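Participant: Quick one: sequence and predicted model below, then my questions.
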Amino acid sequence: MTTFSTVLCATAFLCSSLTCAAAGALNDTGITFCGDATTNTADCAIVGADGGSFPRQDARYGRDAQASAGKPVKVAGFDFTKIANNGSPLPATALLGTGPSNWACTRDNVTGLTWEVKTTSELRSMNHTYTWLDSNPATNGGVVGTASGGTCFVKGRCDTEKFVQDVNAAGLCGPGDWRMPTVKELEGIADLGRINPAIDSTYFPNTQSTLYWTATPRNYGALIYAWYVSFDYGGASHSDRITKNFVRLVR
């Protein structure tokens, strides 16, 4: 669940709802390699350090660098725990399932956020798509969006707002406080050291290498969009709210 103080929210870009989850801590990028004049995937040990020709590279700093150095940080600076349907923590060997003690969610131990894990069937299937909908004028950027334009488990429920309602009604992994993530929150689990998908598939299986909606609206002139994160390479951009994209919820 969200464990951040709302007092720390600094920008409207980070927060797209009245419940604003500011980052008490941030994940690193997942990049553990360096670049030079000939390659973007060089061993940092053979690339000139900060006093050299290619100074201050991402992989030399933060949690990723600690992980590469063998310090007690999980792979590439991320730190995840599997969570059961009943909300209890599980070992890394736990398997997805529908039973109370089966894995269903993943907690990010750095940010404190808990994420929905996609399945291969029923309500949370990896193959379901949704159009962007937010009926709250305080958070939708002035336009509600498109109702049920995707393809999902229950006909007529295939938009982001109704999916949030349905997952909360199902009582996934404990209290029903699931919501759409902000663009910054969703970017936070993108592993930029991987591609297709740009995420740790051990803790986030069934991830499509394509676009996932966020709650963050984007007004672009007369056009009304919303932000997404694409998990082919982990970048963020925006698209029309009628677009059929995937969804991963957070709490």
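Facilitator: Structure received.

Participant: Using the three-state scheme, assign residue 45.
Facilitator: Look at residue 45: counting by DSSP: H, G, I helix; E, B strand; the rest coil, its state is helix.

Participant: Show the pLDDT at it.
Facilitator: Predicted confidence (pLDDT) at residue 45: the value is 79.

Participant: same deal with residue 158?
Facilitator: 98.

Participant: Can I get the lengthiest strand in the chain as CSV, trimmed to CA atoms?
Facilitator: In the chain, with assignment by DSSP state E, the single longest strand is strand 211-220. Extracted C-alpha coordinates of strand 211-220, given in CSV (Å, rounded to 0.1, in the frame of the first residue of the first chain):
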residue,chain,number,x,y,z
LEU,A,211,1.7,0.7,-23.4
TYR,A,212,0.3,0.8,-19.8
TRP,A,213,-2.0,3.7,-18.8
THR,A,214,-1.3,6.0,-15.9
ALA,A,215,-3.7,8.2,-14.0
THR,A,216,-1.9,11.4,-15.1
PRO,A,217,-3.8,13.5,-17.7
ARG,A,218,-2.1,15.5,-20.4
ASN,A,219,-3.7,18.4,-22.1
TYR,A,220,-1.9,19.1,-25.4
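
Participant: avg pLDDT for the helix or strand following that strand?
Facilitator: Moving toward the C-terminus from strand 211-220, the next helix or strand (DSSP states H and E) is strand 223-230. Mean pLDDT, strand 223-230: 92.

Participant: and strand 223-230, what does it pack onto?
Facilitator: Packed against strand 223-230 by the contact rule (3 or more C-beta pairs under 8 Å, 6 or more residues apart in numbering; DSSP states H and E) you find helix 183-187, strand 211-220, strand 236-240. Using the backbone N, CA and C atoms, a C-beta is placed for each residue, glycine as well.

Participant: Between the ones you listed, which one is closest to residue 114.
Facilitator: Proximity to residue 114 (C-beta to C-beta) singles out helix 183-187 among the helices and strands packed on strand 223-230, at 11.4 Å.

Participant: Chain neighbours aside, what residue packs nearest to residue 151?
Facilitator: residue 129 (5.3 Å; C-beta to C-beta, 6 or more residues apart in numbering).

Participant: Count residues in the vicinity of that neighbour, would you?
Facilitator: Residue 129 is flanked by 19 other residues according to other C-beta atoms under 10 Å.

Participant: wait, it sits on residue 148?
Facilitator: No. Judged on C-beta atoms under 8 Å, residue 129 makes no contact with residue 148 at a distance of 10.9 Å.

Participant: hey, what's in contact with both of those two?
Facilitator: residue 158 (C-beta atoms under 8 Å, 6 or more residues apart in numbering).

Participant: before we move on, back to that, so the residue nearest to residue 151 versus residue 180, what's the distance?
Facilitator: 15 Å (C-beta to C-beta, to the nearest Å).

Participant: Repeat that for residue 104.
Facilitator: Using C-beta to C-beta, residue 104 is found at 18 Å from residue 180.

Participant: Where does residue 166 sit: helix, strand or coil?
Facilitator: helix.

Participant: Now the residue nearest the centre of the chain. Nearest residue, chain neighbours left out?
Facilitator: Nearest residue to the geometric centre of the chain (C-alpha atoms, centre = their mean): residue 186, 2.9 Å. Of all residues not flanking residue 186 in the chain, residue 229 sits nearest, at 4.4 Å (C-beta to C-beta, 6+ apart).
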